[in-house]
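J.: no FASTA, just this:
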């Protein structure tokens, strides 16, 4: 309950901060709608020349775009701004104040900044997924819905853990936040199923930067194309990467000397 109240406090502070610049709400709506239109426009162009893309039907790719938008919204709503601030705190020495708090420093660093208007991306993602399901005729089995929810949670854990690992390099690298740009560039590729890419890029998007587990796998679960092996692999990657991220974080804390050193 302590951690829930702490997150609630940061969420309220995020709302108060954003209300000072209410024009950002309309800017965010424009950016989110533009991103969605670009993604759907790409599908229109592709399917004007073919009926399927790597065995993915138009309605299935609409659902995948929704998953990508939803996960991207979650990333930019909490994970990205919080961990970007964490890397800044390392440089400025403000991380010392986080260590003095009687709560887990990783948790605080992960929720300390909330960009409320990014909830628009989450809402558009859910809406786009719903449209994709409607275009599929609403024929999504209950078990597939549960599988999708489970794989989406696993995808969030994978993305969060990967960002924690990247952010933790700030204990040794001065401008670690530049590494985030590499992830963001590759995350855009998740707008399409990884099966359309050449093998070398597919390996990168699956095992180096795990975009496939975060976006393609949940979408496959939703449309009933996810087999048991890939399901277990995604869960194993989520658990394993989370443990690795936690151990890496603890190793980083040992290396941190503090601003006063």
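T.: Great, that's in hand. Just so it is clear, the structure is predicted and the values come from calculations on it, not from any experiment. Numbers count the residues shown, from 1 in each chain.

J.: any idea what residue 56 is bridged to?
T.: Beta bridges link residue 56 to residue 53, judged by DSSP bridges.

J.: number of residues surrounding it?
T.: Residue 56 is flanked by 24 other residues according to other Cβ atoms under 10 Å. To be clear about C-beta, it is placed using only N, CA and C from the backbone, and glycine gets the same treatment.

J.: before we move on, what about residue 92?
T.: Neighbours of residue 92 using other Cβ under 10 Å come to 10.

J.: gap between it and residue 251?
T.: If you measure residue 92 against residue 251 using Cβ to Cβ, to the nearest Å, the figure is 22 Å.

J.: cool, residue 188 as well?
T.: As judged by Cβ to Cβ, residue 188 and residue 251 stand 31 Å apart.

J.: report the contact partners of the residue nearest to residue 171 when sequence neighbours are not counted.
T.: Spatial nearest neighbour of residue 171, excluding adjacent residues (Cβ to Cβ, 6 or more residues apart in numbering): residue 252 at 3.9 Å. Residue 252 sits next to 168-172 when contact means Cβ atoms under 8 Å, 6 or more residues apart in numbering.

J.: which residues touch whichever strand or helix holds residue 30?
T.: Element membership for residue 30 (DSSP states H and E) is helix 23-47. Contacts with helix 23-47, where a contact means Cβ under 8 Å, 6+ apart, come from 18, 53, 58, 61-62, 65, 68-69, 117-118, 120-121, 124, 128, 191.

J.: same check, this time on stretch 128-147
T.: By Cβ under 8 Å, 6+ apart, the residues outside stretch 128-147 that reach it are 36, 58-67, 69-70, 221-224, 226, 231.

J.: filter those residues down to the buried ones and express that as a PyMOL selection.
T.: With 16 or more other Cβ atoms under 10 Å as the criterion, this PyMOL line picks the buried residues out of the contacts of stretch 128-147:
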select buried, resi 36+58+59+60+61+62+63+64+65+66+67+69+70+221+222+223+226+231
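
J.: buried stuff in stretch 159-178?
T.: 159-171, 176-177.

J.: which residues sit in contact with residue 230?
T.: 217, 220.

J.: neighbours around residue 35, how many?
T.: 18.

J.: next one: it, what pLDDT does it get?
T.: In this model, residue 35 is scored at 87, pLDDT.

J.: can you check the one 10 residues further on too?
T.: pLDDT, residue 45: 90.

J.: check the one 3 residues further on too.
T.: At residue 48 the predicted local distance difference test score is 86.

J.: likewise residue 132?
T.: Looking at residue 132, its pLDDT reads 88.

J.: would you confirm that residue 183 contacts residue 160?
T.: No - Residue 183 is beyond contact range of residue 160, at 12.0 Å (criterion: Cβ atoms under 8 Å).

J.: distance of the closest residue to residue 121 other than its chain neighbours relative to residue 163?
T.: Closest residue in space to residue 121, ignoring its immediate chain neighbours: residue 73 at 3.0 Å, by Cβ to Cβ, 6+ apart. Residue 73 sits 15 Å away from residue 163, going by Cβ to Cβ.

J.: and what of residue 68?
T.: 16 Å.

J.: next: residue 1.
T.: Taken as Cβ to Cβ, the span from residue 1 to residue 163 is 26 Å.

J.: report the buried residues of the helix or strand hosting residue 234.
T.: For residue 234, the enclosing helix or strand under DSSP H and E is helix 228-255. Neighbour-count burial for helix 228-255, counted by 16+ other Cβ under 10 Å, picks out 230-231, 234-235, 237-238, 241-242, 245, 248-249, 252.
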